[in-house]
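J.: Compute the structure for the input listed below.
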Amino acid sequence: MRLAFILGEIGSGLRRNLSMVVSVILVTFVSLTFVGAAGLLQLQINQMKGYWYDKVQVAVFLCGDSSSAATCAQGPVTDEQRDGIRDVLSSPTVQQYVDTVEYESQEQALAHFRDQFANSPIVDSVTADQLPESFRVSLQDPEKYEVINEAFSSLPGVEVVIDQRELLEKVFSVINFASGVALVIAGVMLVCATLLIATTIRLSAFSRRRETGIMRLVGASKAVIQLPFVLEGVIAAVIGAALASGTLWSISHFAIGGWLAKQYPETAFISSMQVLWIAPGLILLAVLLAGLSSLLTLRRYLKV
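T.: Model prediction:
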């Protein structure tokens, strides 16, 4: 009997404040979508770091015709200097840190450049002599970049030593910034959702003040009187969280897994299953948000 009464009160409250309930659902949906998007971005960053950091190489670029480095004062790298660099790479001091070494000639560099910038208008204006030769060094431990840098940066014939992780860090910093922006927007939206839930509960309590007065007179407990109001806010917020979870799953499944993964097969993308790690957190956040907001509002505006 008590359960049927509570369910009836919840249904009545939802019908009376339908427009406000829809507003709560939409605001919660938008705010939690931003929260979930920020979480997915962090998962993507961690996955990309774990994938790419094991594959990045240290590029030892050799002197070319247009090189201006102090080590290139004698002009383009000579055969003797190139052989000297190979000897250092194969020396026991350096070899203990090296996994593999690949030499890339100017012609190979041009071929790679044309593959990477196939759709760029500048691709036909670049020639092989404008691109430097290089040794691509894969390290057993990517953190040991400084060892290679110190060993080669001052050698004659070496223009510059570049750690490709620095390029990745720039990409990751942009993604981190986007994640931070998403969290800020989510925070603002969560505040809006909290205020809207509080307003909805307040209006619902005001519209049913006669019923709650009668319930107090007949001896209904505080929990029985307040529970329908709390559950109204919780139900609306949970619906919004479910919609946010469904949206994030659709994006990860169709946009990331169905399109991006096919366009960039060498990149490690998150899967739609990882949304399942975030969805319970979004629903729990929605319940806490609505529950606490409702209870605080009822303490102030519903005297039991």
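
J.: so how far is the host helix or strand of Asp99 off the chain centroid?
T.: For Asp99, the element it lies in under DSSP states H and E is strand 98-104. In terms of Cα atoms, centre = their mean, to the nearest Å, the centre of strand 98-104 is found 32 Å from the chain centre.

J.: ok, now stretch 99-110?
T.: With Cα atoms, centre = their mean, you get 33 Å for stretch 99-110.

J.: hey, where'd the strands end up in the stretch 201-304 of the chain?
T.: Secondary structure of the stretch 201-304 of the chain (DSSP state E, counting those that start in this stretch): no strands present.

J.: quick one: low-confidence parts of it?
T.: For the stretch 201-304 of the chain, applying pLDDT under 70 flags the ranges 207-225, 266, 300-304.

J.: Got the domain ranges for the protein?
T.: Split into domains by automatic domain parsing, the chain comes to 2-52+169-301, 58-164.

J.: okay, these in JSON lines with mean neighbour count next?
T.: Using the backbone N, CA and C atoms, a C-beta is placed for each residue, glycine as well. Listed next are these as JSON lines, based on neighbours: other Cβ atoms under 10 Å:
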{"stretch": "domain 2-52+169-301", "mean neighbour count": "17"}
{"stretch": "domain 58-164", "mean neighbour count": "15"}
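
J.: May I ask you to confirm that Phe113 belongs to a strand?
T.: No. Applying DSSP: H, G, I helix; E, B strand; the rest coil, one finds Phe113 to be helix, outside a strand.

J.: can you tell me which residues contact it?
T.: Val123, Val126, Leu131 (Cβ atoms under 8 Å, 6 or more residues apart in numbering).

J.: these two touch, right, the last one and Leu110?
T.: Yes. At 5.6 Å, Leu131 counts as touching Leu110 under the criterion of Cβ atoms under 8 Å.

J.: Just the pLDDT for the closest residue in space to Ser153 that isn't next to it in sequence.
T.: Closest residue in space to Ser153, ignoring its immediate chain neighbours: Val161 at 5.0 Å, by Cβ to Cβ, 6 or more residues apart in numbering. pLDDT recorded at Val161 is 90.

J.: show me what contacts Val161?
T.: Val58, Ala59, Val60, Phe61, Ile148, Asn149, Phe152, Ser153.

J.: Check Pro76 too.
T.: Pro76 neighbours (Cβ under 8 Å, 6+ apart): Leu62, Cys63, Gly64, Asp65, Ser67.

J.: is it true that Leu248 touches Ala38?
T.: No. Assessed by Cβ under 8 Å, Leu248 is found out of contact with Ala38, at 10.7 Å.
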